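Novice: structure for this input, please:
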Amino acid sequence: MLVTRMRQRRAAQGVPYSELAERGHFSTATLSTAASGRRVPAWDVVEAYVSACDPESPLSDAELGEWKALWEAAVRSQARPKAEILDAAVPRRGGRITVRNAAAAEMPSETLADLVEQATKNLSDPAQQAFLSDPMRTALALCTTPADFSALLDQLRERADLSLREVAERSLKYGGISKSAAHEMVSGAKLPSTEALHVYLLSCGVSRENTTSWHHTATRLKISQIREVERAEHKRPFVVTFTHWDFRYVMVLITLILSLMQVRDLLR
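Specialist: Numbers count the residues shown, from 1 in each chain. Take a look at the predicted model:
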């Protein structure tokens, strides 16, 4: 989770990489690569990155210790033998895309687009390479959770070298979204509305015709969430519970029924 936390910290402060490089005394390329998830960065780069995000509020020793622990866990994870992360992400019958190996679940610091790029380098079949020539589009097809989708939105912004503040400023041409709304989109909290997503994509430089795959993925995930809720409702056991007020209503109903029976007997 090291890279995810690094991205979230920079996004929360709205700092572009150019400004981060000036504060952290590392090049923009070094800092951008550190947050890409392709490999675990050196500790001094991580420390400079997280410290430069908010220089007015220096990290305490305890906070630095937490970041160091995250970094050490990432180093240990990288040292473990990795299975083929995307053994084959190729089109199957019916247009579906299948990932034969689920080892990607052990690589939370890398986005789906990063994993697809790695898989493309290992493919020898030209047809498969052509299919995976657009890692972001393929990653959207593989996206299965709102967290994956949010990570791709954040990566899109990072590739455009935009801070959340800059995204909000650029969005004014397309209807406008606030910095907090943009942060909510990349935080993984929930899926954005269609209108907000469209404005965000245009603000990050995505052409109107290329927004379609993003909207299709968001819609697919929303439908999946609705189905999950429905399945959970069906599995929930039916349990009748009575509150104090429910008991009173039942007693009133019983009294009313008895009264009606007495009236019926009187009318006979």
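Novice: mind listing what His183 touches?
Specialist: Counting by C-beta atoms under 8 Å, 6 or more residues apart in numbering, His183 touches Ala11, Ala12, Leu164. Every residue, glycine included, has its C-beta placed from N, CA and C.
Novice: the same query, at a cut-off of 10 Å, please.
Specialist: Gln8, Ala11, Ala12, Gly14, Asp154, Leu164, Arg165, Val167, Ala168, Ala189 (C-beta atoms under 10 Å, 6 or more residues apart in numbering).
Novice: then stretch 60-72 to CSV, C-alphas only?
Specialist: What follows is stretch 60-72 as a C-alpha-only set of coordinates in CSV (Å, rounded to 0.1, in the frame of the first residue of the first chain):
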residue,chain,number,x,y,z
SER,A,60,6.9,13.7,13.3
ASP,A,61,9.3,10.8,14.1
ALA,A,62,6.3,8.5,14.7
GLU,A,63,4.8,9.4,11.3
LEU,A,64,8.1,8.9,9.5
GLY,A,65,8.3,5.5,11.3
GLU,A,66,4.9,4.5,9.8
TRP,A,67,6.1,5.5,6.4
LYS,A,68,9.4,3.5,6.9
ALA,A,69,7.4,0.5,7.9
LEU,A,70,5.3,0.7,4.8
TRP,A,71,8.4,1.0,2.7
GLU,A,72,10.0,-2.0,4.4
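Novice: buried residues in that stretch, which are they?
Specialist: Trp67, Leu70, Trp71 (16 or more other C-beta atoms under 10 Å).
Novice: same check, this time on stretch 17-32
Specialist: For stretch 17-32, the neighbour count (16+ other C-beta under 10 Å) marks Tyr17, Leu20, Ala21, Arg23, Gly24, Phe26, Thr28, Thr30, Leu31, Ser32 as buried.
Novice: among the contacts of His183, which ones are buried?
Specialist: For the contacts of His183, buried by 16+ other C-beta under 10 Å: Gln8, Ala11, Gly14, Asp154, Leu164, Val167, Ala168.
Novice: tell me where the stretch 151-268 of the chain has helices.
Specialist: When assigned using DSSP state H, counting those that start in this stretch, the helices of the stretch 151-268 of the chain occupy the ranges 164-170, 179-186, 194-203, 211-235, 244-267.
Novice: what is the longest one packed up against?
Specialist: It refers to helix 211-235. Here helix 211-235 touches helix 135-142, helix 146-159, helix 194-203, going by 3 or more C-beta pairs under 10 Å, 6 or more residues apart in numbering; DSSP states H and E.
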